[in-house]
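*Asks:* model this:
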Amino acid sequence: MPQDVRYEPIIAVLLPCYNEELRIAEVVRRFRETLPSAMIYVYDNNSRDLTPLRARAAGAIVVREPRQGKGNVVRRMFADIDADIYLMADGDGTYAPEDAPQLINTLLTERTDMVVGTRRGVTGEAGRAGHAFGNRVFNSLYKRLFGSEFTDIFSGYRVFTRRFVKSFPAVSGGFEIEAEMSVHASQLKLPVSEIALDYGRRPEGSSSKLSTWRDGAKILWMFAMLMKETQPLRFFGAFAVFFLASSLFLMAPVLIEFAETGLVPRMPTWVLSVGLLLLSMLAAVTGLILDSVSRGRAEQKRIVYLSMPSGRIDRHGLTGEHVAVKPEPGKTPRAA
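*Replies:* Below you'll find the predicted structure:
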């Protein structure tokens, strides 16, 4: 009789850290208690305190990433680590390790490629008024530009399949990496889920690494670049409409005057309006061409995504080479 042999999926807990000595040991300990079979990785990003020592003492595998920025750390982690399920959190203890099984269970039961632990009440308790306002603005902007799949695009508590991790390009260098993950999922129409979780506060004596204006500008720039790469027709179409409207606004009085007098006394205005009209046409044509290129790139990304093994996860949340068959006496074993 065939006998099912189920294997536990390999789980990797990824903790990017920068000056988190106050809480990293506790975070590692709680993840080890919550997910005893998981491998805990702490990637230290040039901390000036005892973060790597305390993480290693708590039982984590510590790796140093010299390129500053969370995006650079995430890119390195995704490239280095092989697992079936990847769980990413912060090392400051604001995300509860005890919520990890719920995130993983959702990934398995709903068969999604990414589960986001949205921060309950984050728009009102982001630490500073500027952060709360920025969360509201950027989440609303994301919905208008890229889709309504996500309600908290900056959450750092996420679970991924191997297929997502190994097909994600990770271009961003800083805190905007979470927004890039969301856009990647939206562009490829990957199955995703969200779970509302409590969001803790940073411990006394530590401060947020976010700068309201500097990181806000980086995120806005990232939105523009992702818009250009994934929706070039809308991006360049907006410029085309702006240039066309400006051209017509400047051109109309000159044309009226020419119809009445047969003269063009405001030649510089006429030249400027014609130049803006040409820019409008150029932007429109650029958008049309790049839209075809973008569709081809999206298809290639999708093919790469589908070519990746999904990890040792079947519909029961376990794996395989999914079923091992016990041979009957006198018969040669065969692959399931």
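
*Asks:* Could you give the number of residues near Gly173?
*Replies:* Residues near Gly173, counting by other C-beta atoms under 10 Å, number 18. Glycine gets a C-beta too; all of them are placed from N, C-alpha and C.

*Asks:* Surely it is within a strand?
*Replies:* No. Residue state for Gly173 (DSSP: H, G, I helix; E, B strand; the rest coil) corresponds to coil; a strand is not indicated.

*Asks:* wait, what's in contact with it?
*Replies:* Residues near Gly173 by C-beta atoms under 8 Å, 6 or more residues apart in numbering: 67, 69, 71-72.

*Asks:* among those residues, which are in helices?
*Replies:* Taking DSSP state H, the ones among these that sit in helices are 71-72.

*Asks:* Quick check: the farthest pair among the contacts of Gly173?
*Replies:* Pairwise distances among these were taken by C-beta to C-beta; the largest, 9.0 Å, belongs to Arg67 and Gly71.

*Asks:* Can you pick out the residue with more neighbours from those two?
*Replies:* Just comparing Arg67 and Gly71: by other C-beta under 10 Å the higher neighbour count belongs to Gly71, 22 against 12.

*Asks:* I figured that one hits Glu180, correct?
*Replies:* Yes. Contact criterion C-beta atoms under 8 Å: Gly71 and Glu180 qualify, at 7.5 Å.

*Asks:* can you list residues touching both of these two?
*Replies:* Joint contacts of Gly71 and Glu180 (C-beta under 8 Å, 6+ apart) are 170-172.

*Asks:* are any of the residues you listed buried, and which?
*Replies:* For these, a burial check counting by 16 or more other C-beta atoms under 10 Å picks out 170, 172.

*Asks:* any idea how far Arg119 is from Phe133?
*Replies:* Separation of Arg119 from Phe133 (C-beta to C-beta, to the nearest Å) stands at 15 Å.

*Asks:* So these two - more neighbours on which side?
*Replies:* Arg119 (23 against 14).

*Asks:* can you pull the pLDDT of that one?
*Replies:* Model confidence at Arg119, given as pLDDT, is 86.

*Asks:* and if you look at the one 10 residues further on?
*Replies:* At Ala129, the pLDDT value in this model is 57.

*Asks:* right, and Asn135 touches Ser155 too?
*Replies:* No. Look at Asn135 against Ser155 with C-beta under 8 Å: they stay out of range, at 9.9 Å.

*Asks:* Compare the two and say which one has the larger neighbour count.
*Replies:* More crowded of Asn135 and Ser155, by other C-beta under 10 Å: Ser155, with 25 against 19.

*Asks:* Just confirm that one is within a strand.
*Replies:* No. Secondary structure of Ser155 (three-state DSSP): coil, not part of a strand.

*Asks:* check contacts around it.
*Replies:* Counting by C-beta under 8 Å, 6+ apart, Ser155 touches 116-119, 122, 178.

*Asks:* Give me the distance between it and Ile195.
*Replies:* Counting by C-beta to C-beta - Ser155 and Ile195 are separated by 10 Å.

*Asks:* same thing with Ser294?
*Replies:* 31 Å.

*Asks:* How many residues are close by Phe249?
*Replies:* Phe249, neighbours per other C-beta under 10 Å, totals 11.

*Asks:* That one and Trp270: what is the separation?
*Replies:* 13 Å.

*Asks:* repeat for Gly287
*Replies:* Using C-beta to C-beta, Gly287 is found at 26 Å from Trp270.

*Asks:* Settle it for me: which of these two has more neighbours?
*Replies:* Gly287 (21 against 18).

*Asks:* Just give the closest residue to the more buried one, not the sequence neighbours.
*Replies:* Phe236 (3.2 Å; C-beta to C-beta, 6 or more residues apart in numbering).
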